[in-house]
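**Student:** output the structure for:
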Amino acid sequence: MENNPNSSRTDRKLIERNRRNQMKALYSMLNSLVPHHNSRESTSLPDQLDEAANYIKRLQTNLERMKERKESLMGVKTSTTSSASTGPKSPEIQIHEMGSSLVIALTTGSNSRFIFNETIRILHEEGAEIVNANFSVVEDTVFHTIHLTVGQTAADYRAARISERLMKFVSDADA
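**Tutor:** Numbering: from 1, shown residues only. Predicted coordinates:
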């Protein structure tokens, strides 16, 4: 029974040593995350903790200041754009025929998610071969450009039919 008290005392010492080593490693990790002006000087642990706390407070202050600035900039931006547009942007389409090729320029609002997909579906139904499709976004407007070929046989008829279907689709989507 004499070994039990020594064994438990040894266990407690080992547990305490592990706890101190873990705390030392955590302090070291915290200290490594804080920028230091003079890294050659060794600072005491309480000073390191004060420095870390002050650094975190400065970061919080900067974050709040940046959030306020962002909100003020967003407020200016939304007020200028809201006066220019009164609601969701209506889709617009322009179709340019160049022989057996077509270039489609589709302009939609950022809230019109499926108009581009439906346009592509119609083009596939008509047997058009899409050569290139891309888009760009400016504020709340999306500009889609689609380059396609309709083939040599009956190109005029197919181009006219595609134009007619797309114009009808866009006008129906606008309603």
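
**Student:** mind listing what Pro91 touches?
**Tutor:** In this structure, Pro91 makes contact with Leu106, Thr107, Thr108, Gly109, Ser112, Ile115, Val170, Ala173, Asp174, judged by Cβ atoms under 8 Å, 6 or more residues apart in numbering. C-betas here are computed from N, CA, C, even on glycine.

**Student:** where does His144 land in three-state SS?
**Tutor:** Here His144 takes the strand state, with states given by DSSP: H, G, I helix; E, B strand; the rest coil.

**Student:** where along the protein do the helices fall?
**Tutor:** Along the chain, counting by DSSP state H, helices occupy 3-33, 45-84, 115-125, 155-174.

**Student:** and the first one, what other elements does it pack with?
**Tutor:** With contacts taken as 3 or more Cβ pairs under 8 Å, 6 or more residues apart in numbering; DSSP states H and E, helix 3-33 sits against helix 45-84.

**Student:** where does pLDDT dip in this structure?
**Tutor:** The chain contains residues with pLDDT under 70 at 1-3, 37-41, 75-88, 152-155, 174-175.

**Student:** what's opposite the residue nearest the centre of it in the beta bridge?
**Tutor:** Geometric centre of the chain, nearest residue: Val137, 13.1 Å, by Cα atoms, centre = their mean. According to DSSP bridges, Val142 are recorded as the beta-bridge partners of Val137.
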